[in-house]
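*Asks:* fold the following, please.
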Amino acid sequence: MDSAEKNDADMDALEKIRNSAFYDEAWYKSNNRDLKNLDIDFALHYFNYGWRQGKSPSFGFSGDMYLAAYPDVKTIDMNPLLHYETYGKKEKRYVIPYAVEAIYNSTYFDDAYYQKNHNGKSTSRLASALDYITCKDNLRNPSEHFDADAYLESYPDVKEDGVMPLLHFELHGKKENRTAGLSNPLAKFLTYENNSNISHATKRVCLFACYMGDGAIPDETIFLLEKVRSVCDAIVLIGDCGIQPDEFRKIEHLVCHAHFVRHREYDFGSYKRAFAYADENGLLKNADEILICNDSVVGPCGDINDFFKCREEDGNPEFYGTTINNFGFRNIQSHGNSLYSPHIQSYFLSIAKSVFNATFWRDFIYSVKHEEHKTDIIINYEMGMSKLLSSHGYPPHSMYKSIAGLNPAARECMDVLNTALFIKKSMLPGLSPERAGIVNGIFKSKNFPFQLKDNKIVSNDNQNTHTPIIKSKKLRIVDCATSGNMVSLLTVSEHSYVNLELIISNDSEFKSTSATSRTEAGKDTYTGLADSYLTQGLHLFIFEFDKKHIEKNAGLTFSERGKPVDLQYVYGDIPCYNLLNHKNSGLYPRIEKNTLHLQNKEQSIISIMLSNNYSQTDKSLYASIINNEIQAKYSLYSERASLTGDNAYEAFKYALKSDDSCFYITSKEVVDREKDEHIKKHLAILGSAQHKELFLNAKSLFCSFGFPGIIFPGLKDIHISALKYKLYLMWHGVSAGDKDSYEIASYNGNRNDGIFACSTYEERNFKLLGHDTIYLGGYPRMDKWCNDAPLDVNAAVIFFTWRRSLYEATLAEFLSSDYVTTIVELVKAIAKSRPKLELYYFIHNSIPAQHVECLAAILRAHSSNIRFVNNNDTSTFNHIFNTSQYLITDYSSVGYDFAYYKKRAPIFFMPQKFIKGHYVPTSLFEKIIPGPKCLDIKSVIKSLRPEQYKNHKSSTKAFFRFMDSENCKRAFDVTHPESESAS
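*Replies:* Numbers count the residues shown, from 1 in each chain. I've put the predicted structure just below:
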């Protein structure tokens, strides 16, 4: 056949594929990630390459399965769909859909298991896969590693669709991270026995239950088993799962028997099997007790013998646990606290011989079976065990003496950990950073060899090695400064680069420039901004070049001695606002493959649409943004999610009176507690669909606690940089005197369309940070203090900020700290010298609730006139703050709010030990302080007099540019230049 004949034959073959009912171009393109963004002839691709790569032409036809079913086709090396259309259809060969291929290739499909348990007639993996797809029994398990029932119960939408669960997982669930019912296929179901791991006198035998979905045994479980082995003569371990053989070797020296089997009866099913083994093999013959425990806890945090000492102090009851829950489930529909039924929580308990030898116990433990609902396990076995033993004269007793008795393992988890050795693993993911710090503090105080990191258990052995800390080599783009035609590009890194080079390439030229390294403060125009990164221990690199080099589709790459450097923005994926003045130059920046691209609109669209680094969703969103001709209409305001008392919120409320296009981005908790319906309609939950819609159509952003906090999560740099909003910044607190400018810069990017200040001192600070447009118009939050409400001369607010040094303090460390000791002594002294003075203790929202409760109890014991006010109670907070004659604070900016307009002065209580661990006051603070600075309690008492403000009138007046109720209006006039008031 000559080349012309071959081309004609190929064209005929290609047309057969193109016209086949089993060729679906849209499916072929969308289900092969490497093809999604290509502009090619997809039928030709499948004809020449796709089938050889294992690609199927449609969901209805699996080429690989066709070849597996018909080896004769495979031997002639022919495209399977072409063969079917040319010969197979006439020969009545079967078409096998892609669904069968998905099962055939699944690591969760075990042909041997399937043939043994479901279809003994199957002769091949393909036949088994076909049988699974067509069996119509969606509860059929395809292997020991895939629990169909658990998958369907966890995902009701799959159950409702009636699709086979493994098929759903392979086609959809895997991408959606649906993992319920799955265990690691590498895990093995094994049995192990070693009598040398039994002590001579088996007086105490442990029945240990565990479950590891990934087949790997966690370090904390190994630690628990080691501690249990130190007080037991034998451990019988049953796992309701498989285990990786290499993982089992970590514990084989601790157990006398281990059996890993998927019985699906939860922990009590494992306890049943462990008890049966111990009973049948004589381990209980001389035993005085059994210790029943599982791997759902972390511990013991301290000496495990304390459990047995406490039991002895309690009279050695035959049935003894760590915690007792007084309430439980009435039925599977009820809440867990609906029935009074005291029961030992079954993660760590002991049962004496008089109980486990009794017939009623044996009947109970051997009755354990698979239950449809986990709630039934709790009702029938955990609650049922205590109810049964109580009825035979063995009531439950526990090491931890709960006050409320309402699920103490969850509701009193900190106290249980501190006094009764354990914390439930299920409590760890939901811990706030402050509570995680408390847990770490308890771990440390109890010499526990683990710590929490990102709410996961991490071994201290890994943390305490002497391996040097590996610093990130990524170069972060911060901002730029311009002077005439020259650009100074600021970049930082944890790594101390030498000979760092910037290469700029554009349509017509190639430019190289070397970095100037900055290691000393105060050496260039933007001293504050540079210092903010140097103070954080980063290295600063500055590149200078003519701006003409970046005006024609430029690409910026960085290298050290010819080796490329990884690149990111200062906030990771979020670019600094108006980076390199791109908005003014008609450029669209993005970082792709460690190159900072600056392209015009047309070139940017082409590059992004052809790129493989963005999903189709990202590309579609980018196209809609860049081609959007509709004028942006929303004004968005934001602080930290839980705050509703600072500048952005007050500016938002003022603007909302005349502009219905204003919205405030906040948390669900704030939305839920808002009572004003009009305001509530204009509150948007951070990360919600409404937030996304508003952000994509915003004309201005007004932030008082950081630019990244208002951005819709998940957007790429191509989206953020293409939007046309204006950005206005206003700091949280006061940025003069009480903290250095670098503390402020650490929260925000440098560039904006305007920054608001309340004093000339702040104005100077902001200039050092490189801000060009500063509006000296006052802070909106202070308007609410500008009124003539009478002051209560018998009212004093106590408001102290939190300490960085106490973030990870245990409750014991907190209560013994200088911070608490000083506060207690202060309240005692005020109660003694000014007994009629009403004290209002404002609770800082960073202090853990448990710490606050204990501190409150201590302070109430020393003063009958003290009341505690939560920051979230905005109306109460504002009223008391507005009408109290006195404020005692540390060097918080709340003191400046207190001095605003009214005839009163804040008292700054600043003993050295007390303020240790917070911001370091600057020398400017001494000059602008609006109230007395007290270094001891005696000075505070002396300063509690109404006329004190007269001593600070001049400094207060000099600090504020305005002291009226027009701050909101001035901010509104800047952000809404089209308004009547602005004109």
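*Asks:* kindly report the domain assignment for the chain.
*Replies:* Split into domains by automatic domain parsing, the chain comes to 3-96, 101-173, 183-295, 475-613, 634-781, 788-963.
*Asks:* pLDDT averaged over the first one - what is it?
*Replies:* By that I understand domain 3-96. Throughout domain 3-96, pLDDT has a mean value of 85.
*Asks:* and that domain, how far out from the chain middle?
*Replies:* 45 Å (C-alpha atoms, centre = their mean, to the nearest Å).
*Asks:* ok, the fifth one next?
*Replies:* The gap between where domain 634-781 is centred and where its chain is centred comes out at 22 Å by C-alpha atoms, centre = their mean.
*Asks:* same check on the longest one?
*Replies:* With C-alpha atoms, centre = their mean as the basis, the distance from the averaged C-alpha position of domain 788-963 to the chain average is 33 Å.
*Asks:* what helix or strand is Y775 located in?
*Replies:* Element membership for Y775 (DSSP states H and E) is strand 774-776.
*Asks:* which residues touch that strand?
*Replies:* The contact list for strand 774-776, computed with C-beta atoms under 8 Å, 6 or more residues apart in numbering, reads 754-760, 763, 766-767, 961, 970-971, 974. Where C-beta positions appear, they are placed from N, C-alpha and C, glycine not excepted.
*Asks:* give the PyMOL command for selecting the buried subset of those residues.
*Replies:* The PyMOL command for the buried members of those (criterion: 16 or more other C-beta atoms under 10 Å) is given here:
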select buried, resi 754+755+756+757+758+759+763+766+767+961+970+971+974
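*Asks:* let's have the contacts of strand 774-776 in TSV, adding pLDDT, secondary structure and distance to I798.
*Replies:* Listed next are those as TSV, based on pLDDT from 0 to 100; DSSP: H, G, I helix; E, B strand; the rest coil; distance: C-beta to C-beta, whole Å:
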residue	pLDDT	secondary structure	distance to I798
G754	90	strand	36
I755	90	strand	32
F756	92	strand	29
A757	91	strand	29
C758	91	coil	24
S759	91	coil	26
T760	90	helix	31
E763	87	helix	32
F766	81	helix	31
K767	81	helix	36
R961	92	coil	29
R970	95	helix	32
A971	94	helix	31
V974	93	helix	36
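*Asks:* OK, contacts around the residue nearest the centre of the chain?
*Replies:* Ranked by distance to the mean C-alpha position of the chain (C-alpha atoms, centre = their mean), the top residue is D454 at 7.8 Å. Residues in contact with D454, defined by C-beta under 8 Å, 6+ apart, are absent; none qualify.
*Asks:* so which residues of the stretch 701-850 of the chain form strands?
*Replies:* 726-730, 754-757, 774-776, 792-799, 838-843 (DSSP state E, counting those that start in this stretch).
*Asks:* how about the stretch 501-650 of the chain?
*Replies:* Under DSSP E, counting those that start in this stretch, the stretch 501-650 of the chain gives strands at 510-514, 516-518, 539-546, 554-560, 563-564, 567-569, 588-592, 595-599, 634-638.
*Asks:* make a markdown table from the ones you listed and add mean neighbour count and mean pLDDT to it.
*Replies:* Listed next are those as a markdown table, based on neighbours: other C-beta atoms under 10 Å; pLDDT from 0 to 100:
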| stretch | mean neighbour count | mean pLDDT |
| --- | --- | --- |
| strand 510-514 | 13 | 81 |
| strand 516-518 | 15 | 75 |
| strand 539-546 | 19 | 90 |
| strand 554-560 | 19 | 88 |
| strand 563-564 | 10 | 82 |
| strand 567-569 | 19 | 90 |
| strand 588-592 | 22 | 92 |
| strand 595-599 | 22 | 92 |
| strand 634-638 | 25 | 94 |
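*Asks:* rebuild these as CSV, extending it with distance to S892.
*Replies:* CSV is the format used below for the strands of the stretch 501-650 of the chain (distance: least, C-beta to C-beta, whole Å):
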stretch, distance to S892
strand 510-514, 45
strand 516-518, 32
strand 539-546, 30
strand 554-560, 41
strand 563-564, 46
strand 567-569, 31
strand 588-592, 38
strand 595-599, 40
strand 634-638, 22
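*Asks:* before I go, just wanted to say thanks for your time.
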